[in-house]
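Peer 1: The following block contains a protein sequence and its predicted model.
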Amino acid sequence: MEKAMFGSDGAVLAIDIGGSKLMTGIVGTDGTVICKEKSSWESLNAESVIDTVLTASRRMLACGIKPVYAGVNIPGLADPDAGLWIEACFSGIRNVPIAKILSEDLGMPVYIDNDANNCALAEKMFGVCKGDTDFVWLTVSNGCGGAVFIDGHIYRGSSGFSGELGHICVEEQNGYLCGCGNYGCLEAQAAGPGIARRYRDAGGGDTSAKEIADLARKGNSLALSIFEKEGYYIGKALAAAINTLNPVKVVIGGGVAGAFDLFFPALADTVKRMTYSRASGKVLIEKTGLGYDAALIGAAALAITRCGK
């Protein structure tokens, strides 16, 4: 378990449920990550996920700092008011009352929302969007998600599911099947598994997105071409968002953002070619200012906001 200095009064139990891992942590109300721990999934069904989350949360609560509420990042669709995890495309999880289950076991209020919404909220509270009212957040990790801030507030849409940038079609020809049932979605093409699949299908062998990024930085031509295509895919999705929303800023987070330097040139070129100049001329596209901890800080930001702290 990693620990850091505690930077303010009060603390939040932060839970980040990801497609490939679970992160739990204690986060101060100033956004300082006090301690954190990574766990792996035994399987991705509701019972196993809940059990793993509870076990990791109990360990976190035994570290000596006593949070009084918790925030949870939900991958996929969530109903924050009902505390319901509606679904996650990468698993068979459907309609799980996760907030109630966790709250009853942990003995504290538990607040949930989509992971990208929470990350965007954290960026607004503690990161590079403190002074911005209109921006877009894109997560590219084991999956892809998005969130939209308009006039200083998260825009949720008519059914609460806005910002699903991961399901914009970016590959019309021979696109991969996405967990949503469509083909060629940003998530299928550009998330970590999509990067690995594109590299493998191009004859590069079976390896991870991170290892492909390492190869690209060493000058491997195939790996470099994979991340050039990555920039095209992300840029195509962002161009649609920029043309529609006219944000002042786009922030990219998630594990794949660690390769921002590799895909940004192609991304910037694609956005320039595919956007109306008056919509895109002043938009700033940058990497999250919260680093690898953006998701944990996002879960905490949700709870802090909901509790009025």
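Peer 2: Yes, it's here.

Peer 1: quick one: contacts for residue 272?
Peer 2: residue 280 (Cβ atoms under 8 Å, 6 or more residues apart in numbering). Where you see a C-beta, it was placed from the backbone N, CA and C, and this is true even at glycine.

Peer 1: And it, what's its pLDDT?
Peer 2: pLDDT for residue 272: 94.

Peer 1: Just confirm it is within a helix.
Peer 2: Yes. Looking at residue 272 with DSSP: H, G, I helix; E, B strand; the rest coil, it is inside a helix.

Peer 1: can you offset everything so residue one is 45?
Peer 2: All set: I'll call the first residue 45, so the last point we hit is now residue 316.

Peer 1: State the distance from it to residue 310.
Peer 2: Going from residue 316 to residue 310 by Cβ to Cβ, to the nearest Å gives 11 Å.

Peer 1: May I see the buried residues of stretch 330-338?
Peer 2: Across stretch 330-338, burial judged by 16 or more other Cβ atoms under 10 Å covers 331-332, 334, 337-338.

Peer 1: Break this protein into its domains for me.
Peer 2: Domains of the chain are assigned by automatic domain parsing as 46-162+337-350, 174-332.

Peer 1: Let's have the ones you listed in JSON lines, adding distance to residue 168.
Peer 2: Below are the domains of the chain laid out as JSON lines (distance: least, Cβ to Cβ, whole Å):
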{"stretch": "domain 46-162+337-350", "distance to residue 168": "8"}
{"stretch": "domain 174-332", "distance to residue 168": "6"}
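
Peer 1: Comparing the ones you listed by mean pLDDT, which bottoms out?
Peer 2: Of all these, the minimum mean pLDDT falls on domain 46-162+337-350 (a mean of 89).

Peer 1: Name the nearest residue to residue 278, sequence neighbours excluded.
Peer 2: Sequence neighbours aside, residue 311 is the residue nearest to residue 278 in space, at 5.2 Å (criterion: Cβ to Cβ, 6 or more residues apart in numbering).

Peer 1: what kind of secondary structure is the closest residue to residue 186 other than its chain neighbours in?
Peer 2: Closest residue to residue 186 apart from its sequence neighbours, by Cβ to Cβ, 6+ apart: residue 63 at 3.6 Å. Secondary structure state of residue 63, per three-state DSSP, is coil.

Peer 1: Surely residue 63 is in contact with residue 188?
Peer 2: No. Using Cβ atoms under 8 Å, residue 63 makes no contact with residue 188, being 10.5 Å away.

Peer 1: These two: which is more packed in?
Peer 2: The neighbour comparison of residue 63 against residue 188 (other Cβ atoms under 10 Å) goes to residue 188, with 30 against 20.

Peer 1: check contacts around the more buried one.
Peer 2: 182, 209-210, 229-231, 234-235, 298.

Peer 1: ok, of the buried residues of stretch 330-338, which one's closest to residue 110?
Peer 2: Closest approach to residue 110 among those (Cβ to Cβ): residue 337, at 20.9 Å.

Peer 1: Would you point out the most distant pair within the buried residues of stretch 330-338?
Peer 2: 331 and 337 (13.5 Å).

Peer 1: residue contacts, the spatially closest residue to residue 326 that is not a sequence neighbour?
Peer 2: Computed as Cβ to Cβ, 6+ apart, the closest residue to residue 326 that is not its neighbour in sequence is residue 292, at 6.9 Å. For residue 292, the contact set (Cβ under 8 Å, 6+ apart) comprises 176-179, 326-328.

Peer 1: Out of the residues you listed, who's the most crowded?
Peer 2: The most neighbours of any of the contacts of residue 292, using other Cβ under 10 Å, belong to residue 179, which has 23 neighbours.

Peer 1: so that residue touches residue 289, yeah?
Peer 2: No. Taking contacts as Cβ under 8 Å, residue 179 lies outside contact range of residue 289: 9.0 Å.

Peer 1: Name the residues contacting each of these two.
Peer 2: With contacts defined as Cβ under 8 Å, 6+ apart, the residues shared by residue 179 and residue 289 are residue 192.

Peer 1: Doesn't residue 78 lie inside a helix?
Peer 2: No. Under three-state DSSP, residue 78 sits outside any helix and is assigned strand.

Peer 1: tell me the contacts of residue 210?
Peer 2: Contacts of residue 210 by Cβ under 8 Å, 6+ apart are 187-190, 229-231, 235.

Peer 1: Would you state the strands of the stretch 45-194 of the chain in chain order?
Peer 2: Assigned by DSSP state E, counting those that start in this stretch, the stretch 45-194 of the chain shows strands spanning 46-47, 55-61, 66-72, 77-83, 114-118, 121-123, 128-131, 138-140, 154-158, 179-184, 188-194.
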